[in-house]
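> Dropping a prediction and its sequence here:
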Amino acid sequence: MKRAAKYIRDNSNHIIEVWEKTVNAEMQVSDDTHNIVLRNQLPNVLEDLSEIIEENGASASSTSRKDLLDIVDDSSDHGRHRAATSNYSVAAILKEYRLLHEVLTDLLRENDIYDEETGLILNKAIETAMVNSAKTFNRSLNDMKEKLMATLAHDIRNPVSSAFMALDMLDPEAGAEEITHIKEVIENSLGYAIRLIEGLLDTITVEAGEGITLNFKEQDILDDIDWVVKEASMIFPNKISLETKASELTGVFDGTAIRRILENLVSNAVKYGSRSEPVHIYAEDKKDEVVIRVHNEGNPIPDGRKKEIFNFLNGEEAPKDGLKSWGMGLSLVKAVTDAHGGKLELKSDKEFGTEFKITLGKYDKEPGKTKSRINYK
C-alpha cells in the first residue's frame, strides 16, 4: 500500500498526462476546455489520494471521514471551477473522476503495486470526491442563475421607475412639444424594460459557464450613453454629465448591455462616492475603438478590493449610507466588456477619485447572439 501511495506522489505529472489524453479522447466537452482548466485541481486530488492510501495502509475500513477532509475540499473546488466552464454538466464531472479511477488502477497494475485494499480505498476516496464535486457544481450553478436573475430583475426597476416619473410629470395642459417629449421618455424606458425582460428569460435557461446572452448589431451607442445620462439625472441627486466630441459612436455592439453596465457604474458612483459631487461620463471616438470612462469623487476603492469586486460570487460591500448594493453589478460590467473583446481598467485613489475605463473595438465582433461568461471565483 505504501508503494502505491509513493507511486502516485512521485508520478503525479505522468498520471495527469495519461488522464488528460484519456479525457480528450473520450469526452467531447474537453474540446472546449483549455488544458490548464483540465488540470486545475487534479494535482491536489492526487496528493490527497496518496496521503489517504498511506495513512490507511492496513485496511480500507479504517478510512474515516476525517481522513477524507482534504479530498472533500479539493473536489469541491473542482466543482466550482467546472461551473464556470462552458458545456459542463454533472455527468461530465462524474466521468472525469471515473476516468481518473481507471487511469490510476491501470497504472498501478502495470507497475505491479495494485491490491484489493488499495482498490477499496481508491473507490471510497474517489466516490467521495465525485459526490462533493457534483454537489458544489450544482450549488455554484444555481447561485449563478439566481444572482443573474436577481440582477436583471433589479435593473428592470430603473426604466420602469423612469416611465412612472415621466407620467407624473405629464401635464395635460402642456404644449405639444412637452407632451411629445414625455411620450418619448415613456416609450424608450418601457422598450428598454422589455429588452431586459428578454434577457431575464435567456438567463433562466443559462447553462454551465455560459453567463448572459448578448445580441450584437451595428448601431450608434452614443444614443444609449446619452439616455443613461438623462435617466440617471432623473433618479439620482448628483449631477450626471456627459462629455464627448463625437457626433456618433457606431460599431458592432450590444447597446442594451452597454446601457446596463453604464447604469451600474453610475449607480455605484453615486452609492460609493460623494453624494454632493458630479458623476462624469466621458465618451471618445478613437478611430477603431470607443473609450467610455465613468468618474466620481469620494472615498477610493481599497487596494485589496480592486480585483475581487469583479468576481461574481464575492458580491459587493454594502455602502455605508445604507443604500443596497446591486449585487453582481461590477462582474456584469466585466462580462459585457469581455464579450465585446474589450478592456476594463480601474483607477482609484484619494486625490484622483474613482474611474472605470472601458475600451471597445468598433468591429471586433460579428453581428448576432453570443454568451458571455461571468467571473465568479
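Looks like it came in fine. Numbering: from 1, shown residues only.
> What ranges does the stretch 1-150 of the chain have for its helices?
With DSSP state H, counting those that start in this stretch as the criterion, the stretch 1-150 of the chain has helices at 2-10, 12-26, 35-38, 42-55, 69-83, 90-110, 116-169.
> Averaged pLDDT, the first one. What do you get?
It refers to helix 2-10. The pLDDT scores in helix 2-10 average 84.
> per the record, what domains does this structure have?
Domain assignment for the chain, taken from automatic domain parsing, gives 2-140, 211-377.
> nearest to Ile194, of these?
domain 211-377 (10.0 Å; CB to CB). C-betas here are computed from N, CA, C, even on glycine.
> now the closest one, how far from the centre of its chain.
15 Å (CA atoms, centre = their mean, to the nearest Å).
> Adjust the sequence numbering to begin at 48 for everything that follows.
I'll keep to 48 as the first residue from here, and by that count the last item is domain 258-424.
> residue ranges with poor pLDDT in the stretch 148-297 of the chain?
191-192, 194-201, 242-243, 245-259 (pLDDT under 70).
> returning to that earlier point: using a markdown table, please lay out the domains of the chain together with distance to Ile241 and mean neighbour count.
A markdown table is the format used below for the domains of the chain (distance: least, CB to CB, whole Å; neighbours: other CB atoms under 10 Å):
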| stretch | distance to Ile241 | mean neighbour count |
| --- | --- | --- |
| domain 49-187 | 28 | 17 |
| domain 258-424 | 10 | 18 |
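> Using JSON lines, lay out these together with distance to Pro206.
Formatted as JSON lines, these follow (distance: least, CB to CB, whole Å):
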{"stretch": "domain 49-187", "distance to Pro206": "30"}
{"stretch": "domain 258-424", "distance to Pro206": "7"}
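> wait, which of these is closest to Ile244?
Using CB to CB, the domains of the chain put domain 258-424 closest to Ile244, at 11.1 Å.
> re earlier: can I get the helices of the stretch 48-197 of the chain in TSV including distance to Glu278?
Converted to TSV, the helices of the stretch 48-197 of the chain look like this (distance: least, CB to CB, whole Å):
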stretch	distance to Glu278
helix 49-57	60
helix 59-73	49
helix 82-85	40
helix 89-102	48
helix 116-130	34
helix 137-157	42
helix 163-216	5
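> any idea how far Phe357 is from the residue lying closest to Leu407 once chain neighbours are set aside?
Once flanking residues are discounted, Leu407 sits nearest to Gly389: 4.2 Å by CB to CB, 6 or more residues apart in numbering. The gap separating Gly389 from Phe357 is 14 Å, by CB to CB, to the nearest Å.
> Phi, psi for Lys354 please.
Main-chain dihedrals, Lys354, degrees, to the nearest 10: phi -90, psi -40.
> Could you do Ile339 as well?
phi -120, psi 130.
> what's the answer for Leu261, then?
Torsion angles, degrees, to the nearest 10, at Leu261: phi -120, psi 150.
> before we move on, what about Ser288?
phi -120, psi 150.
> Leaving out chain neighbours, which residue sits closest to it?
Nearest one to Ser288, counting by CB to CB, 6+ apart, is His327 at 5.3 Å.
> Lowest mean pLDDT across the domains of the chain, which one is that?
Across the domains of the chain, domain 49-187 gives the lowest mean pLDDT, at a mean of 75.
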